[in-house]
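Trainee: Curious how this folds, go ahead:
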Amino acid sequence: MPQKYNAKNSDEASNKQAANTSTSAHASSVDHENVLLSTAVVRAIGKCTISVLCRSLLDSGSQSNFITEEIVQTLKLKN
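Mentor: Down below sits the predicted model:
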């Protein structure tokens, strides 16, 4: 059942979300230059409110986005 918005509900939701968030960093070496890219565990939501937790690579300089076939199938997305 949907709840009415109030500050208490919002704070509780924020606290739950913060408790479930994790990040890590990975390094890659190309021509002796190191690049650090962050990752985050995110909840991806597909059709019919199907959702799945997955790890996301955060690259602010990227011009493309990718998703695995497994996530496409799980979320019932068109491929």
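
Trainee: any residues touching the helix or strand hosting Glu70, and which ones?
Mentor: Assigned by DSSP states H and E, Glu70 belongs to helix 69-74. Outside of helix 69-74, the residues within contact range by CB atoms under 8 Å, 6 or more residues apart in numbering are Ala44, Gly46, Ile50, Val52, Cys54, Leu77, Asn79. Heads up, the C-betas are built off the backbone N, CA and C, glycines and all.

Trainee: quick check: mean pLDDT across it?
Mentor: Helix 69-74 carries an average pLDDT of 92.

Trainee: Now do the helices in this protein.
Mentor: In the chain, the helices defined using DSSP state H lie at 7-19, 69-74.

Trainee: mind checking the longest strand of this structure?
Mentor: For the chain, the longest strand by residue count, based on DSSP state E, is strand 33-45.

Trainee: now for it, which elements pack on it?
Mentor: If you count contacts as 3 or more CB pairs under 8 Å, 6 or more residues apart in numbering; DSSP states H and E, strand 33-45 packs onto strand 23-30, strand 51-58.

Trainee: Worst mean pLDDT among those strands?
Mentor: Among those, strand 23-30 scores lowest, at a mean of 59.
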